[in-house]
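**Student:** kindly generate the corresponding structure for this input.
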Amino acid sequence: MRLRGYNVSVATKHQSAAPASSDANAPADPTPTGGVGITRTGATWVSLVAGTIVLVLLLVFILENTTSTKVTYFGASGHLPLGVALLLAAVAGALLLGIVGTLRIAQLRHRFGRSRPNRSSHKR
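**Tutor:** Model (predicted):
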């Protein structure tokens with residue numbers, strides 16, 4: 001069976017999976033036939049498109065929720081549109097998550113005695 005350029009063999013309960021090609025000693029080709037495979041540029045492009053979609057949806061959310069809301073934080077108070085207030089709360093939560101994640105990574109690196117991987121020892 002061919003699936004997006006990949007040779008796929010499907011085993012049922014009564015038969016074992018056979019190699020997709022007739023030569024059992026041939027190395028498996030992880031890239032689709034005639035294609036390049038996943039590259040950093042391709043992954044970056046997909047990430048940018050996904051980020052753009054999220055930003056458009058966020059903009060629509062903010063523009064639809066313009067009702068003024070009273071916000072009080074540690075004694076300071078003011079009025080903000082509801083969408084902006086929720087956006088600020090989400091950004092604050094993301095920053096808190098990033099700080100905690102960074103501290104956890106630093107803790108694990110300290111515990112296992114590794115600071116940063118040595119890039120010069122990796123072969124490309």
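**Student:** from now on I want contacts and neighbour counts done on CA atoms only, so please keep to that.
**Tutor:** Fine.
**Student:** now whichever strand or helix holds T69 - C-alpha only, PDB.
**Tutor:** Assigned by DSSP states H and E, T69 belongs to strand 68-73. C-alpha atoms of strand 68-73 as PDB (Å, rounded to 0.1, in the frame of the first residue of the first chain):
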ATOM      1  CA  SER A  68     -15.200  47.800  29.400                       C
ATOM      2  CA  THR A  69     -14.400  45.900  32.500                       C
ATOM      3  CA  LYS A  70     -13.100  47.100  35.900                       C
ATOM      4  CA  VAL A  71      -9.700  45.400  36.600                       C
ATOM      5  CA  THR A  72      -8.100  45.500  40.100                       C
ATOM      6  CA  TYR A  73      -4.600  44.200  40.700                       C
END
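**Student:** mind listing what it pairs with, with the direction of each?
**Tutor:** Under the criterion DSSP bridges, strand 68-73 sits next to strand 76-81 (antiparallel) in its sheet.
**Student:** in this structure, spot the helix with the most residues.
**Tutor:** Assignment by DSSP state H gives helix 82-112 as the longest helix of the chain.
**Student:** report the angle between that one and strand 76-81.
**Tutor:** Relative orientation of helix 82-112 and strand 76-81, computed by axes from the mean of the first three to the mean of the last three CA atoms, to 10 degrees: 120 degrees.
**Student:** name the residues of helix 82-112 that are buried.
**Tutor:** Of all the residues in helix 82-112, those buried under the rule 16 or more other CA atoms under 10 Å are L82, G83, V84, A85.
**Student:** rewinding a little: got a list of contacts for the strand holding T69?
**Tutor:** Under the criterion CA atoms under 8 Å, 6 or more residues apart in numbering, residues S77, G78, H79, L80, P81, L82, A85 lie in contact with strand 68-73.
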